[in-house]
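Q: Sequence first, predicted coordinates after that:
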Amino acid sequence: MSIKKIGILTSGGDCAGLNAAIRAAVHRAHLLGWETIGLTNGTAGLLNAEPSYRVLKPGDFDGSVMRQGGTILGSTNKNNPFAFPMPDGTVKDRSDEIIEGFKKLELDAVVTIGGDGSFAIIGELARKGGIKMVGIPKTIDNDLGMTEVSIGFDTAVTVATEALDRLQPTAASHDRVMILEVMGRDAGHIATSAGIAGGADVILIPEITYSIENLTAKIESVKKSGRNFALIIVSEAVKTPDGKPAQMEYADGEKRYGGISHYLCAKLAEVSGVEARTTILGHVQRGGAPTYTDRMIASAFGVRAVDLINEGKFDRMVAWQNRQVIDVPIEDAIKTYQQVDIHGTLVHTARALGIYIGDDE
Ligand code: F6P
């Protein structure tokens, strides 16, 4: 099949490193003599009467853009086209309109930069509309299977580690316990990695149960050792010991995680009279300049994704394994959701460092 024009889109929650991936795909495609079109706001721009897009050229990226967080194309993690929320409160299948939009642009293939949710939805659109697609994994949660790392994770961990570095001196100045709440949805990768790197005394993740008794015992033992402060990092999806998630309902009717640190703070005060403070890091983890690792991985992914199209290999996702980029079926990556391995190296390392990381062995 001869390729002349490809589309690139970013879908789902943004993260740092997306622009570096777009840049690499554009450079590689132009070397092959192809045109590159950036779709606006994931697939949402295709719902306009005239599809919204921008022509991408290598020169657009080589200045400040590749160094920037976010995505110059825009993104969305709402409005599933198969169940699109309409103003009157109903939902409508608008997948045919999006497929129509793809066809109007006369794209020979599409590079989707997304996470499991985006791959599932855009994969279904691609199958329905006969659109040729390859995927590049991005998610600060790092929960996609078949790849050791996704774009955005390294920057998020770096931000969370820096937050612990900044919390430590103020904790020590005031004899306090600082509780840092980080993102990650149902996977505790950010908390585990940043907790180890940032010298946390406690790491709480959704994969491992904990008890208030053992948590306070750990804080007490830190005090007894003569240290006047302690650091706790907790993943947003950690539940109360009786199984309640900390969530808030937003105006769009969606529930999002947030606030488990407040519960822990109150519990610590109640049970052991400890003075604690909370910091919820939130979307700070998604923004800012990408780390060198995210830029490097994103660049390698962008190049290889275009190579896959050139080789006629579709419905595949580029993945990082054993120091190189390989490609795997997108379906397998979605199916093998990756939480923290509770018997793995990092949990073992945390315990060996004396960190309380919960009770399941
Ligand atoms: O999946 C990425 C992520 O940043 C999660 O870590 C977090 O729970 C969620 O997205 C936040 O979503 P939103 O952008 O809708 O606030």
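A: Nice, I can see it.
Q: Got phi/psi on I280?
A: Backbone torsions of I280, given as degrees, to the nearest 10, read phi -100, psi 110.
Q: ok, now which ones touch it?
A: I280 is in contact with 181, 258-259, 261, counting by CB atoms under 8 Å, 6 or more residues apart in numbering. Backbone N, C-alpha and C define where each C-beta goes, glycine included.
Q: same check, this time on Q247
A: Q247 neighbours (CB under 8 Å, 6+ apart): 255-259.
Q: Now with 6 Å, please.
A: With CB atoms under 6 Å, 6 or more residues apart in numbering as the criterion, the residues that contact Q247 are 255, 257.
Q: Would you mind measuring from it to the ligand?
A: According to CB to the nearest ligand atom, to the nearest Å, Q247 stands 10 Å off from the ligand.
Q: Just the pLDDT for that residue.
A: Q247 is assigned a pLDDT of 96 by the prediction.
Q: E236 versus that one, what's the distance?
A: 9 Å (CB to CB, to the nearest Å).
Q: which residues do these two both contact?
A: What both Q247 and E236 touch, as defined by CB under 6 Å, 6+ apart, is the set Y257.
Q: how about the residue in the stretch 151-300 of the chain that the ligand sits nearest to, what does it touch?
A: With CB to the nearest ligand atom as the measure, M183 is the residue of the stretch 151-300 of the chain nearest to the ligand, at 3.2 Å. Residues near M183 by CB under 6 Å, 6+ apart: 236, 285.
Q: residue boundaries of the helices in the stretch 51-200 of the chain?
A: Assigned helices in the stretch 51-200 of the chain, in chain order: 95-104, 116-129, 153-173, 189-197 (criterion: DSSP state H, counting those that start in this stretch).
Q: Can you tell me which of the ones you listed is most buried?
A: Comparing these by mean neighbour count (mean count of other CB atoms under 10 Å), helix 189-197 ranks first with a mean of 26.
Q: Say whether the ligand is contacted by that one.
A: No - contact of helix 189-197 with the ligand (CB under 6 Å from any ligand atom) is absent, the minimum separation being 7.7 Å.
Q: what packs against that helix?
A: On a contact count with 3 or more CB pairs under 6 Å, 6 or more residues apart in numbering; DSSP states H and E, helix 189-197 meets helix 153-173, strand 202-204, strand 230-235.
Q: CA atoms only: put stretch 75-94 into PDB for me.
A: What follows is stretch 75-94, C-alpha atoms only, in PDB (Å, rounded to 0.1, in the frame of the first residue of the first chain):
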ATOM      1  CA  SER A  75      -6.900  16.100  23.900                       C
ATOM      2  CA  THR A  76     -10.000  14.900  25.600                       C
ATOM      3  CA  ASN A  77     -10.700  12.100  28.000                       C
ATOM      4  CA  LYS A  78     -14.500  12.400  27.800                       C
ATOM      5  CA  ASN A  79     -17.200  12.100  25.200                       C
ATOM      6  CA  ASN A  80     -16.900   8.500  24.000                       C
ATOM      7  CA  PRO A  81     -18.200   8.800  20.400                       C
ATOM      8  CA  PHE A  82     -20.100   5.500  20.800                       C
ATOM      9  CA  ALA A  83     -22.100   7.000  23.700                       C
ATOM     10  CA  PHE A  84     -21.700  10.800  23.100                       C
ATOM     11  CA  PRO A  85     -23.400  12.900  25.800                       C
ATOM     12  CA  MET A  86     -25.900  15.300  24.000                       C
ATOM     13  CA  PRO A  87     -27.100  18.600  25.400                       C
ATOM     14  CA  ASP A  88     -30.500  17.200  26.200                       C
ATOM     15  CA  GLY A  89     -29.000  14.600  28.600                       C
ATOM     16  CA  THR A  90     -29.300  11.700  26.200                       C
ATOM     17  CA  VAL A  91     -26.400   9.800  24.700                       C
ATOM     18  CA  LYS A  92     -25.900   9.200  21.000                       C
ATOM     19  CA  ASP A  93     -23.700   6.900  18.900                       C
ATOM     20  CA  ARG A  94     -21.700   9.500  16.800                       C
END
